[in-house]
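Peer 1: What would the 3D arrangement of this be:
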Amino acid sequence: MGSIGITTFPTDYSIDIAVLAAKAEETGFDSLWVAEHPVLPVGAKTPWPGPGGVIPKKYADVADPFVALGRASAVTDKLFLGTGICLVPERNPLLLAKEVATLDMYANGRFLFGIGAGWLEEETDIMGGDFAHRWTQTRDSVMAMKELWTTVESEYHGKYYDFPPVYSFPRPVQRPHPPIYLGGHAKNVFKRVVTWGDAWMPNRITPEDIESGKNELKRLCEESGRDFSTIGITVYGATPDPSIVDELFSAGAERIVLSIDSIPEKEALQQLDGFAKDFL
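Peer 2: Modelled structure (predicted):
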């Protein structure tokens, strides 16, 4: 059996992320992940890709993930802290690289960089992203950040981001940089993971999908000469059913992340305790 993590949408009406993080570490969960939506456009027409197609209220209410994880880092020592996921096209890589490195510094190398390109077109447009080519933009940003994390005089010249030599510190504690987890299960995600990522992190996925995805990752690694053992598989927001979780692990997942609702402290800790009894 692999590792069990938790994820939540921290809000101003839900459990303090510091309380949740400390209890999660004490209980034995391996990681805490938080989502990102800088804004939720009023009247957005893009349907939510989850069940029912209606965007949940918490998507408008969620706090900034880096501030939330920074708070969580101060009350934990071993718990991995991840973005699930950071909307890369909606952030400037010069600032994002510093936020990632700063969080990794204060967490002493415990940050996991879960990323995605977004699904809400109106939000991406407002935040300055190129929705039609958002994965191309995401790759450009990641390549720029890798330069900022790994070189003293960093420069980058790409399609979306172009800057002359700059100093960007601190460096991440993890070298060369925190692992990059790519969300989604579109066909091209496997090429992206093998080419410039470190792990695959699908959401709303079946054990059969995990098995076929793992086989595709292996095939691409063999083609490119990459060591498959360097690629992780984390299932995000899995159904909290022990039999399904067991099947996901058997299919090749290394970590399963379960969702804690955006609810007050007493109820959230009861939910966490229930997960601990069922899965740890």
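
Peer 1: show me the contacts for the residue nearest to Thr8 when sequence neighbours are not counted.
Peer 2: In space, and not counting its chain neighbours, Thr8 is closest to Ile260: 4.2 Å by C-beta to C-beta, 6 or more residues apart in numbering. (Each C-beta comes from the backbone N, C-alpha and C, glycine too.) Contact analysis of Ile260 by C-beta atoms under 8 Å, 6 or more residues apart in numbering lists 6-8, 15, 20, 268, 271-272, 275.

Peer 1: Most widely separated two among those?
Peer 2: Farthest apart among the contacts of Ile260 by C-beta to C-beta are Ile15 and Phe275. That separation is 13.8 Å.

Peer 1: Looking at those two, which has the bigger crowd around it?
Peer 2: Shown here are Ile15 and Phe275; by other C-beta atoms under 10 Å, Ile15 has more neighbours (24 against 19).

Peer 1: After the helix or strand harbouring Leu248, which helix or strand is next?
Peer 2: If you go by DSSP states H and E, Leu248 is part of helix 242-251. Downstream of helix 242-251, the next assigned helix or strand under DSSP H and E is strand 255-260.

Peer 1: what packs against the helix holding Leu248?
Peer 2: Packing partners of helix 242-251 (3 or more C-beta pairs under 8 Å, 6 or more residues apart in numbering; DSSP states H and E): helix 207-224, strand 255-260, helix 265-279.

Peer 1: Show me which positions of the first one end up buried.
Peer 2: Burial within helix 207-224, assessed by neighbour count using 16 or more other C-beta atoms under 10 Å, is assigned to 207, 210-211, 213-214, 216-217, 220-221.

Peer 1: Where does pLDDT dip in the stretch 51-200 of the chain?
Peer 2: Residues of the stretch 51-200 of the chain meeting the criterion pLDDT under 70: none.

Peer 1: residue ranges of the strands in it, please?
Peer 2: Applying DSSP state E, counting those that start in this stretch to the stretch 51-200 of the chain gives strands spanning 80-83, 86-87, 111-116, 154-157, 162-166, 180-183, 199-201.

Peer 1: neighbouring contacts of the second one?
Peer 2: If I follow you right, that is strand 86-87. Residues outside strand 86-87 that contact it (C-beta under 8 Å, 6+ apart) are 36-38, 65, 96, 113-118, 123-124, 127, 129.

Peer 1: now, which of those sits nearest Glu90?
Peer 2: Glu90 has its nearest neighbour among those in Met127, at 3.7 Å by C-beta to C-beta.

Peer 1: okay, now the closest one: neighbour count?
Peer 2: By other C-beta under 10 Å, neighbour count at Met127 equals 17.

Peer 1: Now it: closest residue in space, sequence neighbours ignored.
Peer 2: Leaving aside its sequence neighbours, Met127 sits nearest to Glu90 (C-beta to C-beta, 6+ apart; 3.7 Å).

Peer 1: can you pull the contacts of the one you found?
Peer 2: By C-beta under 8 Å, 6+ apart, the contact set of Glu90 is 38, 118, 123-124, 127-129.

Peer 1: any idea how far it is from Ile126?
Peer 2: 8 Å (C-beta to C-beta, to the nearest Å).

Peer 1: Same question for Gly82.
Peer 2: Separation of Gly82 from Ile126 (C-beta to C-beta) stands at 25 Å.

Peer 1: residues in contact with the residue sitting nearest the centre point of the chain?
Peer 2: Centrality entry for the chain: nearest residue to the mean C-alpha point is Gly114, 2.3 Å, by C-alpha atoms, centre = their mean. Each residue near Gly114 by C-beta under 8 Å, 6+ apart is listed here: 33, 82-86, 181, 183, 201, 236.
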